[in-house]
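Novice: What would the 3D arrangement of this be:
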Amino acid sequence: MVYMDGHDRTASIADEARIEDYFALLKPRVMSLVVFTAFVGLIVAPQAIHPVLGFVAILCIAIGAGASGALNMWYDSDIDAVMSRTINRPIPSGRVPREEAFAFGMTLSAFSVITLGLATNWVAAGLLAFTIFFYAVVYTVWLKRSTPQNIVIGGAAGAFPPMIGWAAVTGTVSIDALILFMIIFLWTPPHFWALALYKKGDYEAAGIPMLPNVAGERVTQNQIVVYTVLLCATAFGPVLTGLAGMVYGLAAAVLGAGFAILAVRLRMAEGVEMKRRARVLFTYSLGYLFVLFVALLADSGLAFWLGAAQ
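Specialist: Sure, this is the predicted structure:
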């Protein structure tokens, strides 16, 4: 409808919806976790960074994560169209053409990597470029449709952000940065396998070889317990290296105990109860990672203020 001022309000509303669709291509919920873990890596690094450069670094990491999400949706649009949790995404719903999603993802990828390199250093930029490549090509194109270990290996893509944040400050990758990487890397399998247990039908319909569909539910439940134990042990790494203190250590112990209890309870369940407990574990795992990194951030801040007071 065209009003007296000459503006087409209908077109305006359509344009606004289009912007929202492109934003959805960035997988904003996934991006929020990426941004937060990258921010923690940047803050707990042993050196300081100018606040403006720090903001630019986090922004570039967020854009890079969004770019890889757009490329993932571009390639996976066929299977997204048959899965209940993805059918309303912008491409399968017809709101964004595949070729535009691809161009959007590639443009943001180049922009984020180049800007991060110019603003901070090329070590961080190189890690960001590799992360985008790993998620969009190694995981999405190769692993996701070819092996039930897709989540295990592909989980590296989501584990890089705190390392990139650390490198943006220091220009290097240390043992502490690698431990932060390993925490997220080991967190990924039990997190996504819990989802796969109660969304097994979706993955089967899409032809994705998730572990429950290929090896069975019992094997998946066993693997969740194994990776949970490895995760809980690795989570104490920052305490052992001196990156974190007792505040973080206590949080890691309490959170790890909760994770382990839920994983064991899931291992003992079958049928409908198993799916219910898998959903509970999936939800808990989201809070686990967030609170664990909040504790690391709080511990770092506490150590800074105590040091300044002396």
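
Novice: can you pull the buried residues of stretch 192-204?
Specialist: Within stretch 192-204, the residues scored as buried using 16 or more other CB atoms under 10 Å are 192-200, 202-203. (Each C-beta comes from the backbone N, C-alpha and C, glycine too.)

Novice: As a markdown table, the residues you listed with distance to residue 40 and pLDDT would be great.
Specialist: As requested, the buried residues of stretch 192-204 are arranged in a markdown table below (distance: CB to CB, whole Å; pLDDT from 0 to 100):
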| residue | distance to residue 40 | pLDDT |
| --- | --- | --- |
| 192 | 21 | 94 |
| 193 | 25 | 95 |
| 194 | 23 | 95 |
| 195 | 24 | 93 |
| 196 | 27 | 93 |
| 197 | 29 | 94 |
| 198 | 29 | 90 |
| 199 | 29 | 88 |
| 200 | 33 | 88 |
| 202 | 32 | 84 |
| 203 | 31 | 84 |
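
Novice: Low-confidence regions, the stretch 201-310 of the chain specifically.
Specialist: Across the stretch 201-310 of the chain, residues meeting the criterion (pLDDT under 70) sit at 301-310.

Novice: Can you add secondary structure and distance to residue 69 and give the buried residues of stretch 192-204 back as JSON lines?
Specialist: Putting the buried residues of stretch 192-204 into JSON lines (DSSP: H, G, I helix; E, B strand; the rest coil; distance: CB to CB, whole Å) gives the following:
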{"residue": "192", "secondary structure": "helix", "distance to residue 69": "15"}
{"residue": "193", "secondary structure": "helix", "distance to residue 69": "21"}
{"residue": "194", "secondary structure": "helix", "distance to residue 69": "21"}
{"residue": "195", "secondary structure": "helix", "distance to residue 69": "17"}
{"residue": "196", "secondary structure": "helix", "distance to residue 69": "19"}
{"residue": "197", "secondary structure": "helix", "distance to residue 69": "24"}
{"residue": "198", "secondary structure": "helix", "distance to residue 69": "23"}
{"residue": "199", "secondary structure": "coil", "distance to residue 69": "19"}
{"residue": "200", "secondary structure": "helix", "distance to residue 69": "24"}
{"residue": "202", "secondary structure": "helix", "distance to residue 69": "19"}
{"residue": "203", "secondary structure": "helix", "distance to residue 69": "19"}
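
Novice: Show me which positions of stretch 79-93 end up buried.
Specialist: Within stretch 79-93, the residues that count as buried by 16+ other CB under 10 Å are 79-80, 83, 86, 89-92.

Novice: same thing with stretch 55-68?
Specialist: Using 16+ other CB under 10 Å as the burial criterion, the residues of stretch 55-68 that qualify are 56-58, 60-68.

Novice: Residue 104 is in what secondary structure piece?
Specialist: With elements delineated by DSSP states H and E, residue 104 resides in helix 98-119, which encompasses its position.

Novice: Tell me how far that helix lies from the chain's centre.
Specialist: Averaged C-alpha coordinates place helix 98-119 at 18 Å from its chain's average position (CA atoms, centre = their mean, to the nearest Å).

Novice: Identify the residues contacting that helix?
Specialist: 22, 25, 53, 56-57, 60-61, 63-64, 66-71, 73-74, 77, 90-91, 124-126, 128-129, 132, 136, 168 (CB atoms under 8 Å, 6 or more residues apart in numbering).

Novice: could you dump the very next helix or strand once past it to CSV, C-alpha only?
Specialist: Moving toward the C-terminus from helix 98-119, the first helix or strand encountered (DSSP H and E) is helix 122-133. Presented in CSV, the C-alpha positions along helix 122-133 are these (Å, rounded to 0.1, in the frame of the first residue of the first chain):
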residue,chain,number,x,y,z
TRP,A,122,47.3,-12.6,11.7
VAL,A,123,47.5,-15.5,14.1
ALA,A,124,44.0,-14.8,15.4
ALA,A,125,42.9,-14.1,11.8
GLY,A,126,44.4,-17.3,10.6
LEU,A,127,42.6,-19.3,13.4
LEU,A,128,39.3,-17.6,12.5
ALA,A,129,39.7,-18.4,8.8
PHE,A,130,40.5,-22.1,9.7
THR,A,131,37.5,-22.2,12.0
ILE,A,132,35.2,-21.0,9.2
PHE,A,133,36.7,-23.5,6.8
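
Novice: Fine by me, we can end here.
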